[in-house]
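Chemist: no sequence on hand, only this structure:
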């Protein structure tokens, strides 16, 4: 595996909704054959190299992808052959689309979607999948083989299984799930999330959180920002507002009591934050779904 560009890139996909599988196939090149030049396909092209070596460029970036490598080409870019294959080369290609926001970053600094915009459009805060543009697939290309076999079946007979296998493939590539076992940032961020979800209705401060988790608040913030893109207090407010939304939909609890139950100190402040998050005050939000 070799990138001819100085910085390894990572593609960040905001979900849900999750990317959806479109089609796949296998291509075999003999020595002297080259990948065709393409532009503006409108869909992601995930390549799983089985044998040989591909020499592909995308705009100002170039890669050499060998057996066992993955290469993710972007939907709105110009792709071209850097040079022909020098040996027999085979690969599985997978086309997919993503409805959520996506972007490009480097492996050192995760990028995150606009949370309020994503929540407004899709009704839920985003989780960020991090895929290497040039990577290596753990366990080989088993999922690629399974997708190829499913392509031979009718759409009605394989549509659910194809999407499931495709998502398993993305999960295996997700750099966030490949954090080393016991990675400090991942472990501490998860501990912080669990604590906030268990104690969100209580009065929580930076000091009390630091005392409960036995880490300085600045360190907790660095870990949470690294993994979730939010500080602990930002995560807490987002979770409180989501719980308030559920209470407004599923109960007749008065707005002031809802504010108190999810941990807001005053109803006016709760109303302001709820309006900022969902675009309408709490009472109007409830009335929207009341006959």
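Modeler: Happy to help now that I have it. Since the model is a prediction, treat every value here as computed from it, not as a measurement. Numbering: from 1, shown residues only.
Chemist: so what's the most centrally placed residue in the chain bridging to?
Modeler: The centroid of the chain falls nearest to residue 129 when counting by CA atoms, centre = their mean (2.2 Å). Applying DSSP bridges to residue 129 gives these bridge partners: residue 13.
Chemist: all strands for this protein, in order.
Modeler: For the chain, the strands defined by DSSP state E occupy 2-3, 9-15, 20-29, 38-39, 44-51, 53-58, 61-66, 69-73, 78-81, 89-97, 102-106, 127-132, 134-136.
Chemist: adding mean pLDDT and distance to residue 232, write those out as JSON lines.
Modeler: Quick note: C-beta positions are derived from backbone N, CA and C, even for glycine. Shown next, in JSON lines, are the strands of the chain (pLDDT from 0 to 100; distance: least, CB to CB, whole Å):
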{"stretch": "strand 2-3", "mean pLDDT": "58", "distance to residue 232": "35"}
{"stretch": "strand 9-15", "mean pLDDT": "91", "distance to residue 232": "21"}
{"stretch": "strand 20-29", "mean pLDDT": "94", "distance to residue 232": "33"}
{"stretch": "strand 38-39", "mean pLDDT": "89", "distance to residue 232": "44"}
{"stretch": "strand 44-51", "mean pLDDT": "94", "distance to residue 232": "33"}
{"stretch": "strand 53-58", "mean pLDDT": "95", "distance to residue 232": "38"}
{"stretch": "strand 61-66", "mean pLDDT": "94", "distance to residue 232": "36"}
{"stretch": "strand 69-73", "mean pLDDT": "95", "distance to residue 232": "32"}
{"stretch": "strand 78-81", "mean pLDDT": "94", "distance to residue 232": "41"}
{"stretch": "strand 89-97", "mean pLDDT": "95", "distance to residue 232": "34"}
{"stretch": "strand 102-106", "mean pLDDT": "83", "distance to residue 232": "23"}
{"stretch": "strand 127-132", "mean pLDDT": "90", "distance to residue 232": "17"}
{"stretch": "strand 134-136", "mean pLDDT": "91", "distance to residue 232": "31"}
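Chemist: done for today, thanks.
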